[in-house]
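S.K.: sharing a model that was predicted from the sequence below.
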Amino acid sequence: MATVLVASNRGPVSYVRGEDGSLDARRGGGGLVSGLSAVSSDAPQESLWVCAALGEGDREAVRRGVGEPGVRMLEIPPDVYDDAYNGIANSVLWFLHHHLYDIPRAPVFDADFRRRWASYRAYNRAFAEALAAEAAEGAAVLVQDYHLALVPGQLRALRPDLRISHFTHTPWASPDYLRMLPDDIREELMSGMLGADELGFHTTVWASAFQSCADGGTAGTRVSVHPLGVDADELRALAHRPEVDEKLARLRAEVGDRRTIVRVDRTELSKNILRGLLAYRELLTVHPEWRERVVHLASAYPSRQDLDVYRDYTASVAELAERINTEFGTPGWQPVLVSVQDDFARSLAAYRLADVALVNPVRDGMNLVAKEIPVVSEAGCALVLSTGAGAYEELKDDALTVNPFDVSATAEALHTALSMPDADRADRTKRLAATATALPPQRWFLDQLEALSR
Ligand code: F6P
């Protein structure tokens, strides 16, 4: 039986089926992986990570009994999983927490929504049951994210002895926005969350939003703020692998001695990539002195491509970048270099090359890119940062901050960032990097574990 359990939709490992039928395990990184490693290496604690089987490879692994020690994958019926993950978590809860609805058309809460919500409840229930079965008496259970918002309440009913926390990696919706949900569903969501002893958020803004949504108060549940940061040593080591050096040499050859504006995002609707490109276009129009002297390196990894709205958004990003290149490009200069591959090594190379980092989400739980670029950039970078990013709360004093909807102000901030004297840029970068690394993943995770045992 485990004494520390983590639950998240996406786990630390996934399986891909090879042509010969073999299963190839791919291990992921990220804050939770390094956080939990601090526990696993800490003797008498026995840890278990409960996650969902995501694709066919994972399902096959579960069926064949293939697995990693300390990880349990749940095989949820594919139609139930699709309704819960795509139909509710990504299409409803993600939209609510990031304020993304195009109100004249959406949301529509009809019979089909109710069917998907029943699947979401069942999927959460599968996690609650697995956790209840695996947890030792009095164990600590750390549930992650909007996919599993009902788990704390469901698990509390099954196992009142457990200490349960839930961490939200996204923003939390404002009360008016959350009130769009049908009353009974909103109450189910809130009471699911309030089944936890501890609720964690990245910033005080999202924690307060949650508290304002809890009409009946949060008695019995502590709400706390743990702003996830980056591990400087680990990130610098990753950024100086030979593979990254190679990509850097290639990027340098393309960019020449021009300045760079770097952005790296998963292509999510909340990342505001289109307005970022519009701001770059306005910069080249209003400040033509930058033409031929700057290159915008934009990495936009594909994300959640099962959903039409994500695919359309990705296509719009590529189209707009192409339009800018056609409008302003010259035989020796391509203004925007877009990469739509999930290529972490290229992103790290771009980080190293960054003179300016553009992070302009409309709303974002934290945004670790805003913290990573200052740690890795070689010459120091000026950070153009949206007021909607969770990272704004910690980094605002040393960033150039912008309203994410104000394209002209963003263009002007890019101009200021590109024109910033080297010494000012270096000073700000040093302070940004210090703040960014204040709470590295292992500490972030252990803090939550300690809070749970108080
Ligand atoms: O970035 C916010 C976040 O909720 C992360 O916590 C989580 O890992 C991710 O989004 C979920 O993304 P995906 O749908 O690709 O698993």
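M.R.: Alright, I've got the coordinates.

S.K.: quick check: pLDDT value at the residue lying closest to residue 360 once chain neighbours are set aside.
M.R.: Spatial nearest neighbour of residue 360, chain neighbours left out: residue 386 (4.3 Å); criterion: Cβ to Cβ, 6 or more residues apart in numbering. Backbone N, C-alpha and C define where each C-beta goes, glycine included. Looking at residue 386, its pLDDT reads 98.

S.K.: kindly report the same for residue 40.
M.R.: On the pLDDT scale, residue 40 gets 66.

S.K.: so the residue nearest to residue 360 touches residue 357, yeah?
M.R.: No - if you go by Cβ atoms under 8 Å, residue 386 and residue 357 don't touch, sitting 11.6 Å apart.

S.K.: re earlier: if I look at the residue nearest to residue 360, how far off is residue 315?
M.R.: With distances taken as Cβ to Cβ, to the nearest Å, residue 386 is found 23 Å from residue 315.

S.K.: which one's more surrounded, these two?
M.R.: More neighbours surround residue 386 than the other of residue 386 and residue 315, with 29 against 12 (other Cβ atoms under 10 Å).

S.K.: what about the residue in the stretch 151-300 of the chain positioned nearest to the ligand, how many residues nearby?
M.R.: Closest contact between the stretch 151-300 of the chain and the ligand, by Cβ to the nearest ligand atom, is at residue 169 (3.1 Å). Using other Cβ under 10 Å, the number of residues around residue 169 comes to 20.

S.K.: got the phi/psi numbers for it?
M.R.: In terms of degrees, to the nearest 10, the main-chain angles of residue 169 are phi -90, psi -10.

S.K.: quick one, domains of the protein?
M.R.: If you go by automatic domain parsing, the domain ranges for the chain are 2-228+441-453, 232-436.

S.K.: what's across from the residue nearest to residue 360 in the sheet?
M.R.: Taking DSSP bridges as the rule, residue 386 bridges to residue 402.

S.K.: can you tell me the closest non-neighbouring residue to the residue of the stretch 151-300 of the chain closest to the ligand?
M.R.: Excluding the flanking residues, the one nearest residue 169 by Cβ to Cβ, 6+ apart is residue 365, at 4.8 Å.

S.K.: ok, that neighbour to residue 391 distance?
M.R.: Remark: distance between residue 365 and residue 391 (Cβ to Cβ) = 9 Å.

S.K.: neighbour count for the two, which is higher?
M.R.: Comparing residue 365 with residue 391 by other Cβ under 10 Å, the one with more neighbours is residue 391, at 29 against 25.

S.K.: which residues does the more buried one contact?
M.R.: Neighbour list for residue 391: 359, 364, 366-368, 370-371, 385 [criterion: Cβ atoms under 8 Å, 6 or more residues apart in numbering].

S.K.: do that again at 7 Å, thanks
M.R.: Each residue near residue 391 by Cβ atoms under 7 Å, 6 or more residues apart in numbering is listed here: 366-367, 370-371, 385.

S.K.: with neighbour count, secondary structure and distance to the ligand added, can I get the residues you listed in TSV?
M.R.: Listed next are the contacts of residue 391 as TSV, based on neighbours: other Cβ atoms under 10 Å; DSSP: H, G, I helix; E, B strand; the rest coil; distance: Cβ to the nearest ligand atom, whole Å:
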residue	neighbour count	secondary structure	distance to the ligand
366	24	coil	8
367	23	coil	8
370	27	helix	13
371	27	helix	13
385	26	strand	17
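
S.K.: need these in a markdown table (columns: distance to residue 451).
M.R.: Compiled in a markdown table, the contacts of residue 391 are given as follows (distance: Cβ to Cβ, whole Å):
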| residue | distance to residue 451 |
| --- | --- |
| 366 | 18 |
| 367 | 23 |
| 370 | 25 |
| 371 | 22 |
| 385 | 28 |
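
S.K.: quick one: which two of these are the most distant?
M.R.: Greatest spacing in those, by Cβ to Cβ: 366 and 385 (11.9 Å).

S.K.: can you get me a residue count around residue 233?
M.R.: Here the count is done by other Cβ under 10 Å, and residue 233 has 11 residues near it.

S.K.: just the C-alphas of the helix or strand of the chain with the lowest mean pLDDT, formatted as CSV.
M.R.: One helix or strand of the chain scores below all others by mean pLDDT, DSSP states H and E: helix 31-40, with a mean of 73. C-alpha atoms of helix 31-40 as CSV (Å, rounded to 0.1, in the frame of the first residue of the first chain):
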residue,chain,number,x,y,z
GLY,A,31,7.5,19.5,-12.5
LEU,A,32,5.5,16.6,-11.1
VAL,A,33,8.0,14.0,-12.3
SER,A,34,10.9,15.7,-10.6
GLY,A,35,8.8,16.6,-7.6
LEU,A,36,7.7,13.0,-7.0
SER,A,37,11.3,11.8,-7.5
ALA,A,38,12.1,13.6,-4.3
VAL,A,39,9.6,11.4,-2.5
SER,A,40,10.6,8.1,-4.2
